[in-house]
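Student: give me the fold of what follows.
(2 chains)
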Amino acid sequence: MIKLNASNLNFDTLNETVRKAKEDIEISDCLGQRFIGAGLSDKNLTIKGTPGNALGAYLNGSTISVFGNAQDAVGDTMNDGKIIVNGNIGDCAGYAMRGGRIFVKGNAGYRAGIHMKAYKDKIPALVIGGSAGSFLGEYQAGGVIIVLGLNSDKNIVGNFPCTGMHGGKMILRSNCKGVIFPQNVRVSPAEKEDLEEIFSYIKEFCDHFGFDANEILNAEFTVITPDSNNPYKQMYVGN
Amino acid sequence: MSINYIYPEFEVVRNPNRCICCRVCERQCANEVHRFDADGKVMLSDESKCVNCQRCVSLCPTRALKIIKSDCVLRENANWQNQTIKEIYKQAESGGVLLSSMGNPNPLPVYFDKILINASQVTNPSIDPLREPMETKVFLGKKPNKIERDKDGNFINNLPPQIELSMPVMFSAMSYGSISYNAHKSLALAAQKLGILYNTGEGGLHEDFYVYGDNTIVQVASGRFGVHENYLQAGKAIEIKMGQGAKPGIGGHLPGTKIVGDVSKTRMIPEGSDAISPAPHHDIYSIEDLRQLVYSLKEATAYKKPVIVKVAAVHNIAAIASGIARSGADVIAIDGFRGGTGAAPTRVRDNVGIPIELALAAVDKRLRDEGIRNNVSLVVGGSIRSAADVVKSIALGADACYIATAALLALGCHLCRTCQTGKCNWGIATQNPELVKRLNPEIGSQRLINLMTAWKHEIKEMMGGMGINSIETLRGNRLMLRGIGLNEKELEILGISHAGQ
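Tutor: Below you'll find the model as predicted:
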C-alpha cells in the first residue's frame, strides 16, 4: 500500500501518480481533486478527505473507499467495481452506471442514478443510506436504486423521482406517502421477494457502515418499476 | 366525421408487356408492396405501402417497373400545400408527433451553391496534380502556441495528441442500431484503407470492430450507450455528442424494435427496451461542466486521445464554440441544419438550426478574433455533398469535413427518408437479418473507397487550379471564394466578396 498525501497536489499530478502506481494507494488530505480513479481497474484506493467531482468515473473494477464526503458525479458511467462513501455525496452520482456498486452512508444530491443501465447479469446498484434529492432515477433504464432514509430528517426523496423511467427497479425504505411519482411507473409496497432480492445489497451496506440488516429491513418499503419499456411508442406518427 | 384517407404518394407502374412474373420485386420489398396473383397469373401492387426506395426498380430484370409520384393531388394552394394538409390529416388521426428521417428536404438556401471557387490565370501558375505532388493530409487537434526547447536547445515535444487524416474528410457518426452491422463494417473497412476515421455514433462499438480502433472515433452521448473504459481506449479519438444538426436541442429514441441481439448487447440495454438519449447531458449545464466531462475522458485515457465536442449549428454558435475551445476540447465538430438522421421529429428537423456554411464562417472568425483558433480544429458536417463542398468548407475555415448521407448513398441508400421504419430494403437502416445481408461490406467499403478517392482527385484538381499545393494553405483562405446572388449581410457573415469584386 502506497501512502500519498494529496495536499498541494493538483488533480493531474495526483491522478498520474495513481495511474502509474503498481499497488493499492491510500490518499490522505484529499481536498477537491477531480477525476480520481477515472477508468481504474488494477488497484484499490482509500481516500481520506474530500475527493472532487467525477470520482471513479468509468471505474472498471477497482474499489474506492472514501472516509469523508464526495462531490458531484461519483461513479459517472461506471462499469465495474465498488465505491464506498462514508459520508454524503453531491449531484449526479452513478450517471449511466452500467455495472458495479456504489454505497453511500449519508445523503445524495440531485439526479442520483439517472440513466442507469443493465444487461443480463450485469446489474449496477446504488445504495443511499440517507435521503436522495430531486430527480432520483430519472430515465432509469436498468439496475437497482435503494434509498434507506436512515438518520435523515428530510423526505426520503425530493421532487420528480423516476421521470422517464423505463427499466430497472427502485426501492425506497418508506411508505412514500406524500411522494409524487409520474404516471409511467408502478408504485407498490414491497413484497417478501423484493426484500429478499435486495438483501445482499443491504447486507453489504451494513458490513461497510456498521448497521444491522434485520433492523433496516424491519420497516415499510416501496417498490417502483416502469410500466413500459417503450414509453414513447405511441408518441410518434411516421411522416 | 371525415373519412381518413390519404391517397398514396407514389404509383407503381408495371409494364405488363415486360413483366415476366419472376416475383423478384415481391421478395425484395420489405414493405410488402408487390404480390403475385396466382389466379390471374399477374403481379399486383399495393402502392399505399410504397416508400419509393427504388429497390424493386433496381432489381427488376426486365425493367418492367417504375415508381412515379402520384398525380392524384388536392386542389393547388400555395399556402396550404399538399404535404402540409396530409400532415394535418395524419396528426388529426393519430395525435402523434410527426417523425421523419434523413436531412431537411425543404428548399431553404444552400450557401455552398452560391459560393464560387477561384482559379489562377496568367499572373500566378496553376498546378497540375497529375504531375506534381499535392498534399491533402491534415492533422486534427490542439496545436501548441509556441516551440519549447530544453536548456541544450533541443525541441521539447509539447504536441498534444493529433488525428492524422490522408484527406480532410471523415465518416460522421451513425450508431450501430440506427444502421446495420454491415453498414458499420463497410465504413470501418473503408476508413482503415483510406487512412481516415469513421465514427461509432452513440450506440457503442461492436466487439468485432475493435480491430479498426485506430480508424475509429468513439462517441459519448447523453445516454452513454456502450461507454466503458475499454471502449474509450479502443478509439483514436473520443467525441462528446452535445447535439446533432438534424435535431438540435433534442435527444434520440431508438425504438425497442431495433434493440435486438448484438445491438442490445453493444448498448447494454435489454432487448426490446427503448434506447433513450436525453436531450441534454444531465451533468452538463455550463462550459465548466463540459470541461469536467472533457477532462474525465482525458484522465480515463491518460491524455492520449483527442476529445472532439460535437454541437449542432444554432444561433449563437460562435459564442458556444468559443466556450468549447476553452473547455479543453481538441476538436469542435459542428453539424449544420441539413444533416441527416435515422429519425427526428419533422418539425425539429425542418425548422431548427442554421446552415453550416454560415455557422462555420462565424465560428472560424470568432476563434481567430479571440486568438484561440489554434486551440482547436474545426470539423463541419450537415450536408457536405461533393468535393466542391469540401473545398469551400476548408476555404471558409474548416480543418476537415464529416460526411454521412453521402457515405450512405455510396452504400446504396436511395434517400427514401423512411429509416425510422427499420425496413430499409438496401440493408442499411435496418436490423432485420434478411435485409442486412443485402449489403455486402466488401463491396460497400470498395464503393466508399471509390467515392473518397474520386473526391480526393477532385480536391487536388481544384487546389491545383488555385495554385495551391497543400490543403493547409487553403484553410481559411476566403480570398479563394466569391459569393453569387448573396446580399451584403450574407457576404459579411461568410467573410467573402461578391463575384466580380
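
Student: CA only for contacts and neighbour counts going forward, please
Tutor: Will do.

Student: SS state for residue B:113?
Tutor: helix (DSSP: H, G, I helix; E, B strand; the rest coil).

Student: neighbours around it, how many?
Tutor: Neighbour count for residue B:113, taken as other CA atoms under 10 Å in any protein chain shown: 12.

Student: same deal with residue B:147?
Tutor: By other CA under 10 Å, the residues close to residue B:147 number 10.

Student: need the contact list for it.
Tutor: B:155, B:156, B:158 (CA atoms under 8 Å, 6 or more residues apart in numbering or on different chains).

Student: how close does it get to residue B:473?
Tutor: According to CA to CA, to the nearest Å, residue B:147 and residue B:473 sit 21 Å apart.

Student: can you check residue A:38 too?
Tutor: 40 Å.

Student: now residue B:257
Tutor: For residue B:257, the distance to residue B:473 equals 48 Å [CA to CA].

Student: between these two, which one's more packed in?
Tutor: With neighbours defined as other CA under 10 Å, residue B:257 and residue B:473 compare such that residue B:257 has more, 16 against 13.

Student: tell me how many other residues surround the residue lying closest to residue B:269 once chain neighbours are set aside.
Tutor: If the residues on either side of it in the chain are set aside, residue B:269 comes closest to residue A:119, at 5.3 Å by CA to CA, 6 or more residues apart in numbering or on different chains. Other residues near residue A:119 come to 20 when the count uses other CA under 10 Å.

Student: residue A:119 and residue B:272 touch, don't they?
Tutor: No. Taking contacts as CA atoms under 8 Å, residue A:119 lies outside contact range of residue B:272: 11.9 Å.

Student: tell me where the stretch 401-501 of chain B has strands.
Tutor: Ranges of strands in the stretch 401-501 of chain B, per DSSP state E, counting those that start in this stretch, are B:481-483, B:497-498.

Student: just those: most buried one?
Tutor: Compared across the strands of the stretch 401-501 of chain B, strand B:481-483 shows the largest average neighbour count, a mean of 22 (mean count of other CA atoms under 10 Å in any protein chain shown).

Student: got a list of contacts for it?
Tutor: B:114, B:115, B:116, B:117, B:118, B:392, B:395, B:491, B:496, B:497, B:498, B:499.

Student: export the strands of the stretch 401-501 of chain B to a markdown table and tack on mean pLDDT?
Tutor: Output for the strands of the stretch 401-501 of chain B, formatted as a markdown table (pLDDT from 0 to 100):
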| stretch | mean pLDDT |
| --- | --- |
| strand B:481-483 | 98 |
| strand B:497-498 | 98 |
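
Student: so where is chain B shaky, pLDDT-wise?
Tutor: Residue ranges of chain B with pLDDT under 70: B:1-4.

Student: interface residues of it facing chain A?
Tutor: Within chain B, the positions adjacent to chain A are B:87, B:90-91, B:94-100, B:223-224, B:227-229, B:253, B:255-256, B:265, B:268-270, B:272-274, B:276, B:278, B:282-283, B:292, B:295-297, B:299-302, B:346, B:420-421 by CA under 8 Å from any CA of the partner chain.

Student: try 7 Å this time
Tutor: B:94, B:96-100, B:223-224, B:228-229, B:256, B:268-270, B:273-274, B:283, B:296, B:299-300 (CA under 7 Å from any CA of the partner chain).

Student: so how do I select the buried members of these in PyMOL?
Tutor: Under the burial definition 16 or more other CA atoms under 10 Å in any protein chain shown, those of these that qualify are selected in PyMOL by:
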select buried, chain B and resi 97+98+99+100+223+224+228+229+256+268+269+270+273+274+283+296+299+300
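
Student: just the ones of the residues of chain B next to chain A in helices?
Tutor: In helices, defined here by DSSP state H, the members of the residues of chain B next to chain A are B:94, B:229, B:296, B:299, B:300.

Student: and residue A:237, which of the three is it?
Tutor: strand.

Student: might one say that it is in contact with residue B:92?
Tutor: No. Using CA atoms under 7 Å, residue A:237 is not in contact with residue B:92; the gap is 10.7 Å.

Student: among the two, which residue is more densely surrounded?
Tutor: Remark: of residue A:237 and residue B:92, residue A:237 carries more neighbours, 18 against 11, as counted by other CA under 10 Å.

Student: ok so, going back, contact partners for the residue nearest to residue B:269?
Tutor: Residues in contact with residue A:119 (CA atoms under 7 Å, 6 or more residues apart in numbering or on different chains) are B:268, B:269, B:270.

Student: if we go to 8 Å?
Tutor: By CA under 8 Å, 6+ apart, the residues touching residue A:119 are A:142, B:265, B:268, B:269, B:270.

Student: mind checking which helix or strand the second one is in?
Tutor: What it means is residue B:265. Assigned by DSSP states H and E, residue B:265 belongs to helix B:261-267.

Student: sec struct for the closest residue to residue B:441 other than its chain neighbours, please.
Tutor: Residue nearest to residue B:441 in three dimensions, not counting chain neighbours: residue B:186, with 4.5 Å by CA to CA, 6+ apart. Secondary structure state of residue B:186, per three-state DSSP, is helix.

Student: ok, back up a step: of the contacts of residue B:147, closest to chain A?
Tutor: Set against chain A, the nearest of those by CA to the nearest CA is residue B:158 (16.3 Å).

Student: tell me how far the ends of stretch B:421-431 are from each other?
Tutor: Length of stretch B:421-431, first residue to last, CA to CA: 11 Å.

Student: on the three-state scheme, residue 196 is what?
Tutor: Going with chain A. Taken by three-state DSSP, the conformation at residue A:196 corresponds to helix.

Student: I was thinking of chain B, sorry if that wasn't clear
Tutor: At residue B:196 the chain is in coil, as set by three-state DSSP.

Student: quick one: contacts for the residue lying closest to it once chain neighbours are set aside?
Tutor: In space, residue B:196 comes closest to residue B:165 once its chain neighbours are excluded; the distance is 4.9 Å by CA to CA, 6+ apart. The neighbourhood of residue B:165, defined by CA under 8 Å, 6+ apart, consists of B:137, B:138, B:139, B:140, B:195, B:196, B:197.

Student: JSON lines for these, including neighbour count?
Tutor: Below are the contacts of residue B:165 laid out as JSON lines (neighbours: other CA atoms under 10 Å in any protein chain shown):
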{"residue": "B:137", "neighbour count": "15"}
{"residue": "B:138", "neighbour count": "19"}
{"residue": "B:139", "neighbour count": "18"}
{"residue": "B:140", "neighbour count": "22"}
{"residue": "B:195", "neighbour count": "15"}
{"residue": "B:196", "neighbour count": "23"}
{"residue": "B:197", "neighbour count": "30"}
